[in-house]
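Visitor: Build me a model:
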Amino acid sequence: QVQLVESGGGLVQAGGSLRLSCAASGRILSINTMGWYRQVPGKQRELVATITLGGSTNYADSVKGRFTISRDNAKNTVYLQMSSLKPEDTGVYYCYAEIYASLAGKWDDYWGQGTQVTVSS
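Guide: This is a model prediction of the structure:
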């Protein structure tokens, strides 16, 4: 059984920084794209950043230049370094990974449970 476990959320003042981590565990054979999405009440979940197995990255325009996504393939872990945080960055951040698990025998999308990020003005 595959699990994604996030950590690192919290409360921070505008202009501050936070680092999110997400570790995938279980009978994993391979992980392709990993990423972060966020959701606020009343709105759809939106992409924040993604990173492929080869290291290619993609960012939402709203976070370009402020957030950096990275991954450690040996640890099956993805990170999101968030700097110059703004109140509009507030939301629940969800980790995502496209995983080939041995029991499933195919690629599936997996999500973490979410971690709250609150940026105060």
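Visitor: can you pull the contacts of the residue nearest in space to the middle of the chain?
Guide: The C-alpha lying nearest the average C-alpha coordinate of the chain belongs to W36 (Cα atoms, centre = their mean; 2.7 Å). The neighbours of W36, taking Cβ atoms under 8 Å, 6 or more residues apart in numbering as the test, are 20, 22, 48-50, 69, 78, 80, 93-96. C-beta here means a position set from N, CA and C on the backbone, and glycine is covered the same way.
Visitor: now those residues as a markdown table including secondary structure?
Guide: Conversion of the contacts of W36 to a markdown table gives the following (DSSP: H, G, I helix; E, B strand; the rest coil):
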| residue | secondary structure |
| --- | --- |
| L20 | strand |
| C22 | strand |
| V48 | strand |
| A49 | strand |
| T50 | strand |
| I69 | strand |
| V78 | strand |
| L80 | strand |
| Y93 | strand |
| Y94 | strand |
| C95 | strand |
| Y96 | strand |
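Visitor: top of these by neighbour count?
Guide: Neighbour counts for these, by other Cβ atoms under 10 Å, peak at V78, which reaches 29 neighbours.
Visitor: On the pLDDT front, check that residue for me.
Guide: Reading off the confidence values, V78 has pLDDT 98.
Visitor: before we move on, back to that, redo the contacts of W36 as JSON lines? Include distance to G112.
Guide: As requested, these are exported to JSON lines (distance: Cβ to Cβ, whole Å):
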{"residue": "L20", "distance to G112": "10"}
{"residue": "C22", "distance to G112": "6"}
{"residue": "V48", "distance to G112": "13"}
{"residue": "A49", "distance to G112": "14"}
{"residue": "T50", "distance to G112": "14"}
{"residue": "I69", "distance to G112": "14"}
{"residue": "V78", "distance to G112": "10"}
{"residue": "L80", "distance to G112": "12"}
{"residue": "Y93", "distance to G112": "9"}
{"residue": "Y94", "distance to G112": "6"}
{"residue": "C95", "distance to G112": "4"}
{"residue": "Y96", "distance to G112": "8"}
